[in-house]
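Trainee: coords below, sequence missing:
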């Protein structure tokens, strides 16, 4: 299941934006973060896909969710203007943001292209 992040768990597991200026991902596996809100219809369409991916790619990709209503500071740090917004975080490279509801095959393609993971 996708793990919900707060500011504290984000700083601990992803990136300490309060103390570091340059992107320095702390994870050992690639990750995806779904920035969403409960009232957002497209977010509701993406949510089951995110959960499926968290199971199917369990030991390959870490899957996280951030509620932009609850975690407004994190949304601001990443300049989230529209939701859903998805942050793809490869190990050892810069993260890439995608906006909008992506179909499952789009995620799988991104996992191959951005993370180099083929199943």
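Mentor: Thanks, I have the structure now. Small disclaimer: the values here were computed from a predicted structure and weren't measured.
Trainee: what residue is smack in the middle of the chain?
Mentor: Central residue of the chain (Cα atoms, centre = their mean): residue 33, 1.0 Å from the mean position.
Trainee: Now the residue of the chain positioned farthest from its centre: phi and psi?
Mentor: Distance from the centre of the chain peaks at residue 19, with 21.0 Å (Cα atoms, centre = their mean). Main-chain torsions, residue 19, degrees, to the nearest 10: phi -120, psi -10.
Trainee: From residue 11, how far out is it?
Mentor: To residue 11, residue 19 is 8 Å away according to Cβ to Cβ, to the nearest Å. C-beta: built from backbone N, CA, C; applies to glycine.
Trainee: With residue 78 instead?
Mentor: In this view, residue 78 and residue 11 are 13 Å apart by Cβ to Cβ.
Trainee: repeat for residue 83
Mentor: From residue 83 across to residue 11, the span is 21 Å (Cβ to Cβ).
Trainee: Between those two, tell me which one has more neighbours.
Mentor: residue 83 (23 against 17; other Cβ atoms under 10 Å).
Trainee: That one reaches residue 42, doesn't it?
Mentor: Yes: with contact defined as Cβ atoms under 8 Å, residue 83 counts as touching residue 42 (7.4 Å).
Trainee: Looking at residue 43 now. What's its pLDDT?
Mentor: Looking at residue 43, its pLDDT is 97.
Trainee: Many thanks, I have nothing further to ask.
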